[in-house]
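A.B. asks: Here is my input; please provide its structure:
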Amino acid sequence: MPATPIPSAPAVDLAVLTEAEQYALVYPVRARRIRAEGLPARPDYGPPEPAVARELVHGTSPILRWTTRRMTVPQDQVRLLRSDGARIARP
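C.D. replies: Prediction:
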């Protein structure tokens, strides 16, 4: 029986996204931080343009709202490792 191909995710056309949405997809951690706290006074990265930062903070598109979702890993998928790479048994 031939393998069933897995459908690929639809390609995202970056041309239809705003600059803030593009920024959020490329730098999700930065976007989440900017959205939550505003642009830091002294960012440790190249800051986005002021208009992009404003849209990151105030935008309501699904992509920008996605950046504020809590990103967690289910506890049963977390692997505890020692510094030498050996797995730590769960209690």
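A.B. asks: What's the separation between residue 22 and residue 55?
C.D. replies: Using CB to CB, to the nearest Å, one gets 11 Å for the distance from residue 22 to residue 55. To be clear about C-beta, it is placed using only N, CA and C from the backbone, and glycine gets the same treatment.
A.B. asks: Looking at those two, which is more packed in?
C.D. replies: Neighbour count, other CB atoms under 10 Å: between residue 22 and residue 55, residue 55 has more, with 22 against 16.
A.B. asks: what about that one, which helix or strand?
C.D. replies: In this structure, residue 55 sits in helix 50-58 according to DSSP states H and E.
A.B. asks: Of all the residues in that helix, which ones are buried?
C.D. replies: Neighbour-count burial for helix 50-58 flags 52-53, 55-57 (criterion: 16 or more other CB atoms under 10 Å).
A.B. asks: any idea of the mean pLDDT in whichever helix or strand comes after it?
C.D. replies: Moving toward the C-terminus from helix 50-58, the next helix or strand (DSSP H and E) is helix 62-66. Mean pLDDT, helix 62-66: 87.
A.B. asks: what helices or strands is helix 62-66 leaning on?
C.D. replies: Applying 3 or more CB pairs under 8 Å, 6 or more residues apart in numbering; DSSP states H and E, we find helix 62-66 packed against helix 19-26.
A.B. asks: list the buried ones in the helix it packs on?
C.D. replies: Applying a neighbour-count criterion of 16+ other CB under 10 Å, one finds 20-24 buried in helix 19-26.
A.B. asks: And for stretch 37-51?
C.D. replies: Residues of stretch 37-51 classed as buried by neighbour count (16+ other CB under 10 Å): 39, 48.
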